[in-house]
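Colleague: Here is my input; please provide its structure:
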Amino acid sequence: MSGIHANEEALLRTAADWRLRLRDPDVSEATLLQWIAWSAEEAHLAAFERVNALADEVELLDDASRATLRRAFPARRPGRPWLPLAWAAGFAAAAVGGYLAWGLLTATVARDYASAVAQREDIRLPDGTRVALGGATRLAARFDSQLRKVELNEGEAFFQIAPDDTPFEVRAGQVHIRDIGTAFDVRRGGDRVIVDVAEGRVLVTAPGAVGVHEAVAGQRVVYVPGAGLQLSQVDPARTAAWREQRLEFDNEPLEVVIASLNRYSRRPVRIADAGLGSLAFSGTVRTDAIDRWLEALPQVLPLRVEMRPDEVVLSRREPTARQ
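Modeller: Take a look at the predicted model:
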């Protein structure tokens with residue numbers, strides 16, 4: 001192997017293994033003591049520092065470059081020879097083998113993302129997957145060599161999955177969505193979850209559901225606690241309509257509708273009477289005209305709307321007294 005002797009390569013591989021083990025949040029005290037003993041030898045410490053320097057270079061790569069490097073050095077299979085790392089001029093001096101590059105790129109990557117109220121954000125995950133975040137949305141990405149996992153903590157997100165052999169899974173509360181080459185939208189309001197498929201197909205599982213539900217483009221899967229999964233049709237053109245300032249609702253509880261509105265309204269809306277929350281609503285609400293929709297709501301539902309300076313209150317409308 002040009003420029004790298006077998007023993008030097010073995011030492012660098014060991015150093016890379018140590019780096020990955022030490023990055024484990026649950027690293028044990030025994031492991032730390034073993035590393036201290038191993039790094040006491042000058043050559044070992046030098047190899048470890050060299051690995052860390054290369055790791056810093058890898059972290060500076062943009063998503064496209066990281067994806068290219070990852071494809072160039074697939075996971076090592078038993079009996080497969082170690083591949084040299086030939087990567088641009090900046091890495092030429094630090095070429096230490098395909099295994100090292102793979103190890104640095106497939107270590108667990110954990111990142112959190114969030115958008116503000118009434119703001120949407122377009123982000124790109126470490127694997128190149130594009131995600132549009134709706135207002136007041138939070139998600140956490142945890143990627144490793146076995147699984148690309150995203151946790152939608154609240155809000156709504158539209159996913160355009162980057163092709164990869166590693167499975168991609170979105171978890172929204174108790175609902176698990178496994179991607180099969182697709183684009184889909186996930187909306188979470190408390191424990192209620194709605195999945196709209198724009199392209200391809202997904203597999204959805206949840207407590208109380210019998211087996212796995214498969215949904216294809218033009219289908220919606222709704223999870224309601226206690227009722228399992230419900231499959232229905234949806235216009236693909238309406239998927240993630242919130243990206244065009246339209247919130248679409250189809251026979252959904254008012255409490256769910258208001259929770260969605262509050263992710264876009266700078267003046268929060270509150271339901272004063274709990275009984276109103278179960279009223280069903282179907283229709284479209286523009287995120288740039290929420291106040292107008294609220295003012296017209298009493299024409300659709302039996303309630304009263306009070307516009308206050310710091311909030312909007314929905315309360316039960318009293319019956320009109322007979323003359």
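Colleague: going forward, measure contacts between C-alpha atoms and count neighbours the same way
Modeller: Noted.
Colleague: looking only at pLDDT, what's the mean for stretch 275-283?
Modeller: What stretch 275-283 shows for mean pLDDT is 94.
Colleague: what do you get for stretch 10-24?
Modeller: The average of the pLDDT scores along stretch 10-24 is 78.
Colleague: got it, and stretch 137-153?
Modeller: Here the average pLDDT along stretch 137-153 is 92.
Colleague: Just the terminal-to-terminal distance for that stretch.
Modeller: 8 Å (Cα to Cα, to the nearest Å).
Colleague: Could you list the domains of this protein?
Modeller: 6-106, 109-236, 245-316 (automatic domain parsing).
Colleague: Ranking these by mean neighbour count, which comes first?
Modeller: domain 109-236 (a mean of 19; mean count of other Cα atoms under 10 Å).
Colleague: hmm, which helix or strand of this protein has the shakiest average pLDDT?
Modeller: helix 88-92 (a mean of 33; mean pLDDT, DSSP states H and E).
Colleague: so which helix or strand takes in Val131?
Modeller: Using DSSP states H and E, Val131 maps to strand 130-133.
Colleague: Mind exporting the C-alpha coordinates of that strand to CSV?
Modeller: C-alpha atoms of strand 130-133 as CSV (Å, rounded to 0.1, in the frame of the first residue of the first chain):
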residue,chain,number,x,y,z
ARG,A,130,-34.5,17.4,2.2
VAL,A,131,-37.0,18.4,4.9
ALA,A,132,-39.4,21.4,4.9
LEU,A,133,-40.4,22.3,8.5
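Colleague: Listing partners with orientation, what would you give for that strand?
Modeller: Strand 130-133 has its sheet partners listed here by DSSP bridges as strand 121-124 (antiparallel), strand 148-160 (antiparallel).
Colleague: looking at the domains of the chain, which one has the lowest mean pLDDT?
Modeller: Among the domains of the chain, domain 6-106 carries the lowest mean pLDDT, at a mean of 62.
Colleague: Relative to Gly181, how far out is the closest residue to Ala118 other than its chain neighbours?
Modeller: Spatial nearest neighbour of Ala118, chain neighbours left out: Tyr264 (3.8 Å); criterion: Cα to Cα, 6 or more residues apart in numbering. To Gly181, Tyr264 is 30 Å away according to Cα to Cα.
Colleague: Could you report the distance from Leu276 to Thr129?
Modeller: 39 Å.
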